[in-house]
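Structure, please.
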Amino acid sequence: MLTQVIAIDYGSKDRLHEILEGILGEENFKLVQRISNQWQIKLVRRLTNEEIGQVKMRMMNHYLPTI
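Numbering: from 1, shown residues only. Predicted coordinates:
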């Protein structure tokens, strides 16, 4: 597995796991640790810039209040 570090401002491990599972499928990644706003993730392939953008947007939308 590869290691990738991704900066994500919002930090729910469960929510991030759910989003990555939707992108990569079950058992194709492992959340290793969070340091400040960066997550270290082991995965079978690197996430593309587009996928990282989707993850960040979905994490942000989960936490921002609706108006």
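
Every contact and neighbour count from this point should use C-alpha atoms.
OK.

Tell me which residues of the helix or strand harbouring Trp39 come out buried.
Element membership for Trp39, per DSSP states H and E: strand 38-43. Within strand 38-43, the residues that qualify as buried are 38-43, counting by 16 or more other Cα atoms under 10 Å.

now the chain, which segments are flagged as low pLDDT?
62-67 (pLDDT under 70).

Now do the same contact list for the spatially most central residue of it.
Of all residues in the chain, the one closest to the mean position by Cα atoms, centre = their mean is Leu16, 4.5 Å from it. Residues in contact with Leu16, defined by Cα atoms under 8 Å, 6 or more residues apart in numbering, are 55, 59.

Look up phi and psi at it.
phi -60, psi -40 (degrees, to the nearest 10).

Could you look up the next helix or strand downstream of the strand holding Trp39?
Past strand 38-43, heading to the C-terminal end, the next element that is a helix or strand (DSSP H and E) is helix 49-63.

helices and strands around that following helix, which ones?
Under the contact criterion of 3 or more Cα pairs under 8 Å, 6 or more residues apart in numbering; DSSP states H and E, the helices and strands touching helix 49-63 comprise helix 13-24.

one more time with 10 Å
If you count contacts as 3 or more Cα pairs under 10 Å, 6 or more residues apart in numbering; DSSP states H and E, helix 49-63 packs onto strand 2-7, helix 13-24.
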